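Enquirer: 3D, please:
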Amino acid sequence: MTHENGATVSNLWRGRPSDSGTREVHVDVPRTRDAEFTAFVWDSGPYLHRTAYLLCGDPHRAEELVQSTFERVYRTWAKVKPDTQRAYARRILVNLRIDSWRHGHRESFPGDEKIPVATTSDHAGQVVLRDELIRGLAQLSTTQRRVVVLRHLLDLPEAEVARELGLAVGTVKAANSRGLARLRDLLRAGTEAIEPVAFDEQAVLDRSRAALRRRRVAQVVGAACLVLLIALGVVTRGPVPLPGVGPVVLPGGQLVAPLFDAGRVESVRPDPTPAGNTPVACPEQVPDPTPALLRQPGEDLDLLDDALVVDAADARPLTCYDVDLEEVTRGSFDETGLPVTEDGGPMPEPGGLSSTGEVWLADNAQLYDNSDSTQDAFIRTSLSEDGEPTVSVPVSEYQGVTMFPVGLAVAGDRVAWGEYAAAETSPRITLLRTVEVGGEPQTIAELDDDLRDVVLSQEHAVWTAGPFDDRHLFAKPVSGTGSVLEFDGRITALGGDASTAVAAVVEPGPGGSTSTSVRLFDNLAGGDTDGVTVAQVDDEDWASLQITNVAVTADVVAWVAIGPNADDLATLYVFDRRGNADSIVHLTDRVVEDLRASGGLITWNSTDTAGDPAVSSYLYRATPSASGYDGPDLARFPGESVTAGLAGNRTAWLENQGQRQWLVEGTVAPTLERD
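Expert: Numbers count the residues shown, from 1 in each chain. Predicted coordinates for the structure are as follows:
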């Protein structure tokens, strides 16, 4: 008999022995918490170190990150579900890296001449390939590096990468595409090989125990100080005379006094006003419009001949003349770095905003429940006044495993989303589903390819599927009946509103050339797969032009274009469908996501790829009818790390500040009234 600790006892057999003589009996003895943790350290230490090294580019800092990760994991080891320990630790490691990057601001990576190159006489091809990869990753922006490492080196789905980094799926897609393109230009020979690292599991356990003891001592001391403060408040509720100072009200008295004065527990609840988030500016007069610039030669690409030009750097602050605030949802980041509300539920995001007042979100209960029993996931609306969602649809199971929700497309009181099969299933599939408030969920289609983008238009769901660099367009009625429409051409961007879908389509031309067009599809019910071309750019106009985002309303068609060079910034083009008020916006970065339009209003989020982690969001009044002026007007949402959304006459934005977070909702004035 062989025990886990190495002890062996043979020939434990009562009665007549078998023909083979001796019989061996194996007894399973449950391992202790520390034994399980040390086994996990031994098994996952090298994996986590490789991940940390690829994220930070320094082997010593990588070891510190892994040790801090082990301490966090040990603290909550009893709550970690079986078979998820590695993913749980990886999420903590990535969040720790993000925190260190936020607090440390910008940091420099060692130059090529300072990176020691390990000599080897074997596996030369693998070493060269690995060296080139490390050099390229070290020169990517921080967001691109994290996305490329998690998406390709750790083989995580885009949706899981988005959740681990706290980004939208669109940001992950854009950063992944730009990062891979950047790597093609940056890969060079010669850099440091990642040497395997062996962790002393007993030493890691000892340090984790010491960290846990320090944390518990700090908690006990803090609780004792709080009890002492309350006791002092009870004893010294009134002013206390101090020699040479006079009567002084001690902090404890100020804390306890409301309990006695108001006589109700409600008096000590948090202030319901939205204190903490950045306030919306409210000047005495309506702000002046964004100044117009001279258009540079060729920047309209012969598409918008008389367009006005504005610069995002000239955007004015959002004011109370633009938006009327309605509600603020407070939140924070939990110990794993996930954004949660004050009641511990998932923080709604602006992308799930609906024009009917709902905010849809994917609620993965496994990430927020410590019961060790649930693996549920739901597509639901934000909580109503009674604390319950209006709609809550469980995510499907496939081969006995809960699928992973990806993407949300909201139109009115209907939502569509994808469900991606878990990695351990085969074959992996994706379901496209939809539900309407007050209705039953429907499965629209079952896909063999990855689901990329989804929009709702008319009575159809429109989506792209396939490899990221070879996406194709499909549509099907939301009822699930009828056949799937398939469109020609490769798709680089997709958008839509209640009546029309819009897509950026790339098609081959003569002599190996290509053309990129912005097309409207407003007759899906009639089976029209050709659409109407609004704008078209050929190779000779701008080589390798990429349209990354599109949006459409009855008033405007908008698209974002990026040039072929790594330092080319994005440009927003707006076509006025009702008049001749076309416009162009020069943006300050390359990564643009979540372009949305409603009437003559447009919002989008921009991420500075030069190293600034903040996300800037804009409200653009693109037409005179929306700006109240004879030209467009551009405003920037308030606060740090903002992501914004727009639906109907409603807007919402998400603001981060340290460990705090707020979701701010309000209504947008359809026209900025000017004197």
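Enquirer: residue ranges for the helices of this protein, please.
Expert: For the chain, the helices defined by DSSP state H cover 33-56, 59-75, 85-104, 124-138, 142-148, 158-165, 169-186, 201-235, 251-262, 624-627.
Enquirer: Can I get these in a markdown table including mean neighbour count?
Expert: Quick note: C-beta positions are derived from backbone N, CA and C, even for glycine. As requested, those are arranged in a markdown table below (neighbours: other CB atoms under 10 Å):
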| stretch | mean neighbour count |
| --- | --- |
| helix 33-56 | 19 |
| helix 59-75 | 20 |
| helix 85-104 | 18 |
| helix 124-138 | 17 |
| helix 142-148 | 24 |
| helix 158-165 | 22 |
| helix 169-186 | 20 |
| helix 201-235 | 13 |
| helix 251-262 | 15 |
| helix 624-627 | 20 |
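Enquirer: need the least confident one among these, by mean pLDDT.
Expert: If you rank the helices of the chain by mean pLDDT, helix 251-262 sits at the bottom with a mean of 51.
Enquirer: Count the residues that sit near the residue nearest to Asp576 when sequence neighbours are not counted.
Expert: In space, and not counting its chain neighbours, Asp576 is closest to Asp582: 5.3 Å by CB to CB, 6 or more residues apart in numbering. Asp582 is flanked by 21 other residues according to other CB atoms under 10 Å.
Enquirer: what does the one 5 residues further on give?
Expert: As a burial measure, the neighbour count of Leu587 was computed by other CB under 10 Å and equals 20.
Enquirer: ok, the residue lying closest to it once chain neighbours are set aside - contacts?
Expert: Once flanking residues are discounted, Leu587 sits nearest to Ala570: 4.4 Å by CB to CB, 6+ apart. Neighbouring residues of Ala570 by CB atoms under 8 Å, 6 or more residues apart in numbering: 548, 560-562, 587, 589-592, 606.
Enquirer: Rebuild these as a markdown table, extending it with pLDDT and distance to Arg216.
Expert: Converted to a markdown table, those look like this (pLDDT from 0 to 100; distance: CB to CB, whole Å):
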| residue | pLDDT | distance to Arg216 |
| --- | --- | --- |
| Thr548 | 87 | 49 |
| Val560 | 91 | 51 |
| Ala561 | 88 | 56 |
| Ile562 | 85 | 51 |
| Leu587 | 88 | 49 |
| Asp589 | 80 | 45 |
| Arg590 | 76 | 47 |
| Val591 | 81 | 43 |
| Val592 | 85 | 46 |
| Ser606 | 84 | 44 |
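Enquirer: and of these, the nearest to Ser426?
Expert: Distances from Ser426 to the contacts of Ala570, taken as CB to CB, are shortest for Thr548 (33.0 Å).
Enquirer: Now do Ala362 against Met347, distance only.
Expert: 12 Å (CB to CB, to the nearest Å).
Enquirer: Now the longest strand along the chain: buried residues?
Expert: Secondary structure of the chain per DSSP state E: the longest strand is strand 323-333. Buried residues in strand 323-333, counted by 16 or more other CB atoms under 10 Å: 323, 328-333.
Enquirer: that older thread, ok, the residue nearest to Asp576 touching Val557?
Expert: No: using CB atoms under 8 Å, Asp582 is not in contact with Val557; the gap is 9.9 Å.
Enquirer: just to revisit the earlier point, state the pLDDT value of the residue nearest to Asp576.
Expert: According to the model, Asp582 carries a pLDDT of 90.
Enquirer: go on, Glu486?
Expert: pLDDT, Glu486: 88.
Enquirer: Run through the bridge partners of it.
Expert: Here Glu486 sits in beta bridges with Phe474, going by DSSP bridges.
Enquirer: Touching stretch 466-478 from outside, list them.
Expert: 173, 176-177, 414, 416, 432, 434, 442, 444-445, 449-450, 452-453, 456, 459-465, 482-487, 489-492, 494, 501, 503, 505, 521, 524.
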